[in-house]
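Undergrad: could you look at this predicted model? Sequence included:
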Amino acid sequence: DSGVTQTPKHLITATGQRVTLRCSPRSGDLSVYWYQQSLDQGLQFLIQYYNGEERAKGNILERFSAQQFPDLHSELNLSSLELGDSALYFCASSVSTGGQVADTQYFGPGTRLTVL
Amino acid sequence: AQTVTQSQPEMSVQEAETVTLSCTYDTSESDYYLFWYKQPPSRQMILVIRQEAYKQQNATENRFSVNFQKAAKSFSLKISDSQLGDAAMYFCAYRSAAWGNDMRFGAGTRLTVKP
């Protein structure tokens, strides 16, 4: 158990809908990262938040957005869903303090999104 | 842009034997970090080992060790005394030491362990 929690574990929805994925980082971690893993593929970085502020952005679609709240949990919002958005979405967290830019990221169990 | 290449889509090893998974990366940076993550059938991403580019000494974690060749931009993972529980997808990952940079993953190598 990495200490990172994600809800829900599974999500099935229809095209055109909007969903919200939730992530709670490990206690003390300030950074949250979101990744997308399509079937049998590697992980694609979407976005990073550090202490409530956006820190880095990857290949995140305009239909997707995220935020990190004062209690450091994060939400990833996916809207106007398409079949191709079906994937496993991971959240990871790291401490990111004291200049440790590349401190280790610990991953949650993921949310499996199926768009029908 | 940094890229990570894992040229072995699949590998197989006999239980108790040793196997090496390959990873190469492309970067113009001198300060960065490299990781190996394991993804078993449960799909959980588990950190196996981490290497700082400024360290010449290869990282080791129990049965797992790396061969880090900075000049060649190579970062291979050696698994000794392979166990059935080592069967998983293994991902190599690169992250720049600079702020605002994401972690780049390779496409993965699926490791099968034969009893």
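TA: Looks like it arrived, so ask away.

Undergrad: any stretches of the chain with poor pLDDT?
TA: Using chain A here. A:40, A:96-102 (pLDDT under 70).

Undergrad: hmm, I had chain B in mind actually
TA: Chain B contains residues with pLDDT under 70 at B:1, B:99-101.

Undergrad: where do the helices of it begin and end?
TA: Ranges of helices in chain B, per DSSP state H: none exist.

Undergrad: tell me where it has strands.
TA: Secondary structure of chain B (DSSP state E): strands at B:3-5, B:10-14, B:19-21, B:24-26, B:32-39, B:46-52, B:60-61, B:64-69, B:74-79, B:88-96, B:103-105, B:109-114.

Undergrad: OK, contacts around A:Ser80?
TA: By Cβ atoms under 8 Å, 6 or more residues apart in numbering or on different chains, the residues touching A:Ser80 are A:Gly16, A:Arg18, A:Arg63. (Glycine included, C-beta is placed from N, CA and C.)

Undergrad: and those residues, which are buried?
TA: Buried members of the contacts of A:Ser80, scored by 16 or more other Cβ atoms under 10 Å in any protein chain shown: none.

Undergrad: turn the residues you listed into a markdown table, including distance to B:Thr112 and secondary structure.
TA: Listed next are those as a markdown table, based on distance: Cβ to Cβ, whole Å; DSSP: H, G, I helix; E, B strand; the rest coil:
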| residue | distance to B:Thr112 | secondary structure |
| --- | --- | --- |
| A:Gly16 | 40 | coil |
| A:Arg18 | 40 | coil |
| A:Arg63 | 37 | coil |
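
Undergrad: and the residue nearest to B:Arg110 when sequence neighbours are not counted, what does it touch?
TA: Excluding the flanking residues, the one nearest B:Arg110 by Cβ to Cβ, 6 or more residues apart in numbering or on different chains is B:Glu10, at 4.8 Å. Residues counted as contacts of B:Glu10 (Cβ under 8 Å, 6+ apart) are B:Thr109, B:Arg110, B:Leu111, B:Thr112.

Undergrad: and those, which of them are buried?
TA: Judged by 16+ other Cβ under 10 Å, buried ones among the contacts of B:Glu10: B:Thr109, B:Leu111.

Undergrad: ok, so of the contacts of B:Glu10, who is nearest B:Thr18?
TA: Of all the contacts of B:Glu10, B:Thr18 sits closest to B:Leu111, with 12.1 Å by Cβ to Cβ.

Undergrad: ranges for the strands of chain A?
TA: Using DSSP E, strands in chain A cover A:5-7, A:10-13, A:19-24, A:31-37, A:43-50, A:53-57, A:64-68, A:74-78, A:87-94, A:106-107, A:111-115.
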